[in-house]
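Visitor: Sequence and predicted model, in that order:
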Amino acid sequence: MARRKLSHEGTLVLDSEGLTKLLNDHEPVVALVAEARKRGMEVVISALTIIEAAHSRTDQARLRWILSGLRIVPVGDEEARAASAMLIAAGLHGHKYAIDAAVAEMALRQQRPVVVLTSDLDDMAKLCGDRVRLVTV
């Protein structure tokens, strides 16, 4: 598989699927995260991503270890209001899109360029537009 090139500096954002694949040592995601770090990019997730990705079969020790190497961005009331406004602007609503909106809102506040590893390409494109680079995982 060809390795995708990432920009120098900036931020790499993982959504739930990105975090899950990193936890499961999915080679393309591990390679992208390693390349991002090599290029000086910060690797971040929304605090809500932890909730979405973790389940009863998640290796909690491995999760803690992976999270120790990421910056976890909290979601407060200001961020929640901004994410809600993004949902409305994109014509989306409800719990199906809530965490995607929080991740998108957080991604837009990060140091540019921003690359988002996501399994929800269509939803993230509606929320972020062309302000971030989306990479399917």
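Guide: On my side now, so go ahead.
Visitor: From now on I want contacts and neighbour counts done on CA atoms only, so please keep to that.
Guide: Will do.
Visitor: So what pairs up with the residue nearest to residue 121 when sequence neighbours are not counted in the strands?
Guide: The spatial neighbour of residue 121 that comes closest, neighbours along the chain excluded (Cα to Cα, 6 or more residues apart in numbering), is residue 136 at 6.4 Å. For residue 136, the residues forming beta bridges with it (DSSP bridges) are residue 118.
Visitor: so who does residue 136 touch?
Guide: 117, 118, 119, 120, 121 (Cα atoms under 8 Å, 6 or more residues apart in numbering).
Visitor: Give me the neighbour count for the third one.
Guide: Neighbour count of residue 119, defined by other Cα atoms under 10 Å: 17.
Visitor: if I look at residue 130, how far off is residue 9?
Guide: Look at residue 130 and residue 9: by Cα to Cα, to the nearest Å, they are 18 Å apart.
Visitor: Neighbour count: these two, which is higher?
Guide: residue 9 (17 against 10).
Visitor: so that one sits right up against residue 40, yeah?
Guide: Yes. Here residue 9 lies in contact with residue 40, judged by Cα atoms under 8 Å, at a distance of 4.7 Å.
Visitor: Strands of the protein, start to end?
Guide: Remark: strands assigned in the chain by DSSP state E are 11-14, 42-46, 71-73, 114-118, 133-136.
Visitor: between these, which one is nearest to residue 92?
Guide: Closest approach to residue 92 among the strands of the chain (Cα to Cα): strand 114-118, 17.5 Å.
Visitor: what residues does that closest one touch?
Guide: In contact with strand 114-118 (Cα under 8 Å, 6+ apart) are residues 6, 10-18, 107-108, 124, 132-137.
Visitor: Just the buried ones from the residues you listed, in PyMOL syntax?
Guide: To isolate the buried ones among the contacts of strand 114-118 in PyMOL, judged by 16 or more other Cα atoms under 10 Å, type:
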select buried, resi 6+10+11+12+13+14+15+16+17+18+107+124+132+134+137
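Visitor: what about the nearest residue to residue 73 once chain neighbours are set aside, how many neighbours?
Guide: Leaving out its chain neighbours, the residue that sits closest to residue 73 by Cα to Cα, 6+ apart is residue 46, at 4.8 Å. Applying other Cα under 10 Å, we find 24 residues neighbouring residue 46.
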